[in-house]
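J.: quick one: sequence plus predicted model below, questions after.
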Amino acid sequence: MTQAIPTSTSTSTAATFTALKCKECGAEYEPKAMHVCEFCFGPLEVTYDYSALARTVTRRSIEAGPKSIWRYRSFLPVASETPIDVGTGMTPLLKANRLARRLGLKQLFIKNDAVNMPTLSFKDRVVSVALTRARELGFTTVSCASTGNLANSTAAIAAHAGLDCCVFIPSDLEAGKILGTLIYGPTVMAVQGNYDQVNRLCSEVANTHGWGFVNINLRPYYSEGSKTLGYEVIEQLGWQLPDHIVAPLASGSLFTKIYKGFQEFTQVGLVEGKSVRFSGAQADGCSPIAQAFKEGRDFINPVKPSTIAKSIAIGNPADGVYAVDIARKTNGNIESVTDQEIIDGIKLLAETEGIFTETAGGTTIAVLKKLVEAGKIDPDETTVAYITGNGLKTQEAVQGYIGEPLTIEPKLDSFERALERSRTLDRLEWQQVLV
Ligand SMILES: Cc1ncc(COP(=O)(O)O)c(C=O)c1O
Ligand SMILES: N[C@@H](CCOP(=O)(O)O)C(=O)O
């Protein structure tokens with residue numbers, strides 16, 4: 001599958017993105033397949049012609065667009081009139097009244113990407129953008145370094161787009177994540193190492209093969225897909241910004257791009273600006289960003305991950321310092337929680353709102369609870385918690401922590417006896433709670 005690295009930039013007059021710009025030194029590059037600055041090695045980010053966007057995009061033009069992330073196409077770094085649209089985005093923003101009451105909040109919303117299409121995580125957003133751009137740049141083979149969700153998404157959307165696909169994952173991932181990749185028929189490299197080792201290997205492969213790695217040489221385009229999680233919340237709140245958001249952190253990219261999405265819609269006049277507090281969630285077993293935030297550092301000390309929240313187990317997060325900066329300047333927080341709190345968070349969301357999230361979402365709910373209890377989220381704040389993945393993929397995490405079905409004979413008296421037994425067990429559980 002070795003290819004020459006494509007050089008075509010294939011932009012058209014329809015595109016409003018203009019260049020890649022270094023986040024550190026400001027050097028600009030034409031929008032091709034690259035992700036670090038040649039002068040200072042800083043990360044590159046896509047820039048846009050915001051005056052043109054302010055002139056041409058209205059709330060009405062967005063609302064008339066497709067029911068997917070592509071309603072925001074002018075704010076995404078693609079040139080094609082026909083991007084890869086597999087129905088990604090426009091996931092529900094659920095008013096979570098029962099969870100809000102349990103936590104003591106007045107207005108809580110869940111942005112539910114556990115039901116995103118096609119692979120039930122927010123990664124479908126970033127991959128739809130990355131593979132559209134990959135195709136424009138002439139790549140025929142796409143790849144990624146993944147903790148599971150990204151591999152699911154890259155494999156599925158590559159299959160739909162007819163692109164060859166080879167993904168790299170740590171070999172100890174949950175069964176649902178591995179199966180949920182293999183089914184689409186890509187080559188899967190299960191690496192005997194953690195995500196950070198997988199990522200290092202992929203950087204070497206990206207240099208030697210002409211493949212489009214969505215989160216390496218295509219990263220500036222890929223990461224922009226997460227802005228749609230900001231745009232959708234604004235639109236679904238009736239073209240308003242929330243007061244506070246809570247989102248999970250691994251590399252920190254998702255968090256920084258929700259922020260960029262809010263900034264952009266404010267800048268072009270689609271929403272009235274106000275300050276939104278940004279709070280981030282990590283697992284204790286992999287909390288390099290939370291540690292930097294709490295210790296007042298503006299650099300990240302990498303860690304060796306050990307947590308059930310494998311999807312967010314990144315020990316050396318590429319965008320960690322930018323996430324810390326956003327949490328600080330918006331008067332937010334970055335907090336971490338134990339694996340047991342993550343399991344409790346998964347159960348709490350399921351039992352109050354009927355949403356089964358994976359471990360990243362359990363981390364978000366547990367941190368939300370912790371921040372409310374510590375008085376760091378005001379009950380009056382309109383708060384949005386981002387649920388980014390589906391619990392069916394990480395069933396191992398809750399195995400042994402939830403009830404068992406009651407096995408009965410196909411007879412009414414067997415059912416009645418079992419029902420009575422379960423009511424007695426419920427009463428006993430309640431008595432234990434009250435003791
Ligand atoms: C379900 C889920 N939520 C959140 C994240 C965190 O995203 P980021 O690496 O952009 O911080 C990831 C992967 O990293 C993920 O798979
Ligand atoms: N969590 C991701 C892996 C890393 O993605 P990145 O955006 O931090 O590069 C996954 O789901 O695989």
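T.: Sure thing, it's come through. Residues are numbered from 1 along each chain as shown. Ligands and ions are numbered 1, 2, ... in the order given.

J.: the residue nearest to Ile355 when sequence neighbours are not counted: helix or strand, and which one exactly?
T.: Ranked by Cβ to Cβ, 6 or more residues apart in numbering and with sequence neighbours excluded, the top spatial neighbour of Ile355 is Leu349, at 5.3 Å. The C-beta positions use only the backbone N, C-alpha and C, and glycine is treated the same way. Assigned by DSSP states H and E, Leu349 belongs to helix 339-353.

J.: got the buried residues for that helix?
T.: Going by neighbour count (16 or more other Cβ atoms under 10 Å), the buried part of helix 339-353 is 339, 341-350, 352-353.

J.: contact partners of that helix?
T.: If you take Cβ atoms under 8 Å, 6 or more residues apart in numbering as the criterion, helix 339-353 is touched by 94, 96, 98-99, 102, 110, 283-285, 307-309, 337, 355-359, 361-370, 387, 391, 397-398, 401-402.

J.: if you set the cut-off to 6 Å instead, what comes out?
T.: Helix 339-353 is contacted by residues 96, 98-99, 102, 307-309, 355-357, 359, 362-363, 365-366, 398, 401 when judged by Cβ atoms under 6 Å, 6 or more residues apart in numbering.

J.: that one near ligand 1 anywhere?
T.: No. Counting by Cβ under 6 Å from any ligand atom, ligand 1 is not contacted by helix 339-353; separation bottoms out at 12.3 Å.

J.: pull the distance from that helix to the chain's centre.
T.: Going by Cα atoms, centre = their mean, to the nearest Å, the spacing between the C-alpha centre of helix 339-353 and its chain's C-alpha centre is 18 Å.

J.: next one: stretch 283-298
T.: Distance of stretch 283-298 from its chain centroid, counting by Cα atoms, centre = their mean, is 19 Å.

J.: flag every buried residue along that stretch.
T.: Neighbour counts using 16+ other Cβ under 10 Å place 283-293 of stretch 283-298 among the buried residues.

J.: list the contacts of the closest residue to ligand 2 within the stretch 201-350 of the chain.
T.: Here the residue of the stretch 201-350 of the chain nearest ligand 2 is Ser251; by Cβ to the nearest ligand atom that distance is 3.0 Å. With contacts defined as Cβ under 6 Å, 6+ apart, Ser251 is in contact with 314, 317-319.

J.: on the three-state scheme, the closest residue to Tyr29 other than its chain neighbours is what?
T.: Taking Cβ to Cβ, 6+ apart, and ignoring the residues beside it in sequence, Tyr29 has Leu20 as its nearest neighbour in space, at 4.4 Å. Under the three-state scheme (DSSP: H, G, I helix; E, B strand; the rest coil), Leu20 adopts strand.

J.: any idea how far Leu20 is from Tyr221?
T.: To Tyr221, Leu20 is 9 Å away according to Cβ to Cβ, to the nearest Å.

J.: and these two? which has more neighbours close in?
T.: Tyr221 (29 against 23; other Cβ atoms under 10 Å).

J.: what strand or helix carries that one?
T.: Element membership of Tyr221 [criterion: DSSP H and E] is helix 219-224.

J.: quick one: that helix to chain centroid distance?
T.: Computed by Cα atoms, centre = their mean, the chain-centroid distance of helix 219-224 equals 13 Å.

J.: please apply the same query to stretch 16-30.
T.: Average the C-alpha atoms of stretch 16-30, do the same for its chain, and the two points are 24 Å apart (Cα atoms, centre = their mean).

J.: stretch 345-363 too?
T.: Counting by Cα atoms, centre = their mean, stretch 345-363 is centred 15 Å from the centre of its parent chain.

J.: got it, and stretch 364-377?
T.: 19 Å.

J.: now the element after the strand or helix carrying Val321, going C-ward?
T.: In this structure, Val321 sits in helix 320-329 according to DSSP H and E. Secondary structure here is assigned by DSSP H and E; on that basis, the next helix or strand after helix 320-329 toward the C-terminus is strand 334-337.

J.: CA atoms only for that next one - export them in PDB, please.
T.: Only the C-alpha atoms of strand 334-337 are listed here, as PDB (Å, rounded to 0.1, in the frame of the first residue of the first chain):
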ATOM      1  CA  ILE A 334     -10.100  20.500  35.000                       C
ATOM      2  CA  GLU A 335     -10.800  17.700  37.400                       C
ATOM      3  CA  SER A 336     -10.100  13.900  37.500                       C
ATOM      4  CA  VAL A 337     -12.000  11.000  39.000                       C
END
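
J.: run through who's touching it.
T.: Residues lying outside strand 334-337 but in contact with it, judged by Cβ under 6 Å, 6+ apart, are 280, 282, 284, 287, 289-290, 293, 327, 366-367, 370.

J.: which strands border it, and is each parallel or antiparallel?
T.: With DSSP bridges as the test, strand 334-337 is paired with strand 277-283 (parallel).

J.: anything in the partner strand near ligand 1?
T.: No. Strand 277-283 does not reach ligand 1 (Cβ under 6 Å from any ligand atom); its nearest approach is 8.5 Å.

J.: before we move on, back to that, which ones among the contacts of helix 339-353 map onto helices?
T.: Where the contacts of helix 339-353 overlap with helices, as defined by DSSP state H, the overlap consists of 98-99, 102, 359, 362-363, 365-366.

J.: so which of these wins on neighbours?
T.: Comparing these by number of neighbours (other Cβ under 10 Å), Thr363 comes first, having 36 neighbours.

J.: I'd say it and Ala281 touch.
T.: Yes. With contact taken as Cβ atoms under 6 Å, Thr363 and Ala281 are classed as touching, separated by 4.7 Å.

J.: which neighbours do those two share?
T.: Residues touching both Thr363 and Ala281 (Cβ under 6 Å, 6+ apart) are Pro248.

J.: which residues sit in contact with Asn207?
T.: For Asn207, the contact set (Cβ under 6 Å, 6+ apart) is empty.

J.: check whether whatever helix or strand it lives in comes near ligand 1.
T.: For Asn207, the enclosing helix or strand under DSSP H and E is helix 195-208. No. Contact of helix 195-208 with ligand 1 (Cβ under 6 Å from any ligand atom) is absent, the minimum separation being 8.7 Å.

J.: just the CA trace of that helix, in CSV.
T.: C-alpha atoms of helix 195-208 as CSV (Å, rounded to 0.1, in the frame of the first residue of the first chain):
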residue,chain,number,x,y,z
TYR,A,195,-1.6,4.7,22.8
ASP,A,196,1.4,7.0,23.1
GLN,A,197,3.6,4.2,21.7
VAL,A,198,1.1,3.5,19.0
ASN,A,199,1.1,7.2,18.1
ARG,A,200,4.9,7.3,17.9
LEU,A,201,5.0,4.3,15.6
CYS,A,202,2.3,5.9,13.4
SER,A,203,4.4,9.1,13.1
GLU,A,204,7.2,7.0,11.7
VAL,A,205,4.8,5.1,9.3
ALA,A,206,3.4,8.5,8.1
ASN,A,207,6.9,9.5,7.2
THR,A,208,7.7,6.4,5.2
